[in-house]
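> Predicted model and sequence follow; I will ask about them next.
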Amino acid sequence: MYKRQRYIEVTVNTPGAEIDVRCQEMADMGAGGFVIENEEDFKDFLEQNHQYWDYVDDELENQFAGVSRIKCYLTDDEDGIAVLRRINAAYDDVTTSYVEDSDWENNWREYYKPIEVGEKLVVVPEWEEAPQDGRLPLRLDPGLIFGTGSHATTRMCLAALEKFSKPGVRVLDLGCGSGILGIGAIVLGSDFCTACDIDPKAPDTVMENAALNDIGGDKMKVYAGDIIGDGKLRALLGTGYDIVLANIVSDVIIPLAPFVRAFMAPGGVFITSGIIDGREDEVAAALKAAGLEMIAHHHEEEWHCFECV
């Protein structure tokens, strides 16, 4: 019978300049598999990728504030405890905790349950049974890309789609992530969805999620690339879409706004979210300047969703 192994998680707080030296010292003591949490690296990461978000959670910033950390994992046995004693003797700021060796790949799934969205849909993780309550199931493997149905922006977009999705409708999903919005549009009755995301993993992830809903290449096409900077990609996506979706962030919606109208069919609608409190007026002004008229404004938690024609 398999016996779970318990591990000791060791965290050593250290000045950033001493990380390499201390890693070598700890390796000489018998530790290995180091995980480095470095405040400067975190700040650099935020600066280089600021276009993907409008805020960073205070708890996450506090986690990286003021000090760097070296983490390693030791077996909770005589050998591991001997290494821990050497580490404790060498450094003052050491903390420990215990973790179980368990089925990490499957345990995270317990946090994802069916989520009712709007009046018609229920987002169902692929390993869960769909509730038999008359709602349309939208099956999804959350994977590694944004879009599980739990976020307010996704819920608002899906609820808005209920009003516009019907047979004969063509959909364009810009910044598609997991594909949840485009797939949702098809589940709600739309004929076809073209989707695009800057993440190169998106095409595979989206089509895997589409397959969970019996949607194939005859109803969905996915591209990877930068809509704003790549004119050839915009031309490839074409025009004449009855619904254009963009659940991204304000710093992308604003430069995207001048291109939206060209994607839309006459009488089409633009549904956009990912707009945090404090940015809604700025985004609304950019959409108006691009010739789009807001017909609905939804607000949930600290997020906004606009419907424009």
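On my side now, so go ahead. Computed from a predicted structure; not experimentally measured.

> tell me the phi and psi of the spatially closest residue to residue 139 that is not a sequence neighbour?
With C-beta to C-beta, 6 or more residues apart in numbering as the measure, residue 212 is the residue that lies nearest to residue 139, at 4.0 Å, once sequence neighbours are left out. For the C-beta atoms, the positions are set from N, CA and C on the backbone; glycine is no exception. Main-chain torsions, residue 212, degrees, to the nearest 10: phi -60, psi -20.

> Who are the contact partners of residue 212?
Contacts for residue 212 (C-beta atoms under 8 Å, 6 or more residues apart in numbering) come out as 126, 139-141.

> With pLDDT as extra columns, can I get those in a markdown table?
Below are the contacts of residue 212 laid out as a markdown table (pLDDT from 0 to 100):
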| residue | pLDDT |
| --- | --- |
| 126 | 86 |
| 139 | 93 |
| 140 | 88 |
| 141 | 81 |
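
> and which of those is nearest residue 180?
For those, the residue nearest residue 180 by C-beta to C-beta is residue 140; the value is 6.0 Å.

> isn't that closest one right up against residue 209?
Yes - under the contact definition of C-beta atoms under 8 Å, residue 140 touches residue 209, with a separation of 5.4 Å.

> Need the overlap of contacts for those two.
By C-beta under 8 Å, 6+ apart, the residues touching both residue 140 and residue 209 are 178, 180, 183.

> out of those residues, which is most surrounded?
Each of the shared contacts of residue 140 and residue 209 was scored by neighbour count (other C-beta atoms under 10 Å); the top score is that of residue 183, with 31 neighbours.

> Give me the residues contacting the helix or strand hosting that residue.
With elements delineated by DSSP states H and E, residue 183 resides in helix 180-187, which encompasses its position. Applying C-beta under 8 Å, 6+ apart, the contact partners of helix 180-187 are 117, 121, 123, 136-138, 140, 147-149, 154, 157-158, 161, 165, 169, 171, 173, 176, 192-195, 206, 209-210, 213, 215, 219-220, 243, 245, 247.

> Also stretch 251-261?
50-52, 54, 174-175, 227-228, 234, 244, 246, 248, 270, 272, 274-275, 282-283, 286-287, 289-292, 308.

> okay, now residue 179: neighbour count?
For residue 179, the neighbour count with other C-beta under 10 Å is 29.

> so residue 149 makes contact with residue 115?
Yes - when contacts are counted by C-beta under 8 Å, residue 149 is listed as touching residue 115 (4.7 Å).

> who touches both of these two?
Taking C-beta under 8 Å, 6+ apart as the contact rule, the neighbours common to residue 149 and residue 115 are 123, 155.

> Pick out whichever of the two has more residues nearby.
It is residue 149, of residue 149 and residue 115, that has more neighbours when counted by other C-beta under 10 Å, with 24 against 18.

> Measure how buried the nearest residue to residue 215 once chain neighbours are set aside is and give me the count.
Residue nearest to residue 215 in three dimensions, not counting chain neighbours: residue 186, with 5.6 Å by C-beta to C-beta, 6+ apart. Residues contacting residue 186 under the criterion other C-beta under 10 Å number 23.

> how near is residue 186 to residue 195?
As for residue 186, its distance to residue 195 is 11 Å (criterion: C-beta to C-beta, to the nearest Å).

> what touches both of these two?
Residues touching both residue 186 and residue 195 (C-beta under 8 Å, 6+ apart) are residue 220.

> show me where the stretch 1-150 of the chain has helices.
If DSSP state H, counting those that start in this stretch is used as the criterion, the helices of the stretch 1-150 of the chain fall at 19-28, 39-48, 58-63, 78-90, 104-107.

> so where do the strands sit in the stretch 1-150 of the chain?
Taking DSSP state E, counting those that start in this stretch as the criterion, the stretch 1-150 of the chain carries its strands at 6-14, 35-37, 68-75, 94-100, 115-117, 121-125, 136-140.

> Please identify the helix or strand for residue 257.
Under DSSP H and E, the secondary-structure element containing residue 257 is helix 250-263.

> average pLDDT across that helix?
The pLDDT scores in helix 250-263 average 97.

> again with stretch 26-45
78.

> if we can go back for a sec, which of the contacts of residue 212 tops the neighbour count?
Compared across those, residue 140 has the highest neighbour count, 26 neighbours, by other C-beta under 10 Å.

> list the contacts for that residue?
If a contact means C-beta under 8 Å, 6+ apart, then residue 140 has 123-126, 147-149, 178, 180, 183, 209, 212 as its contacts.
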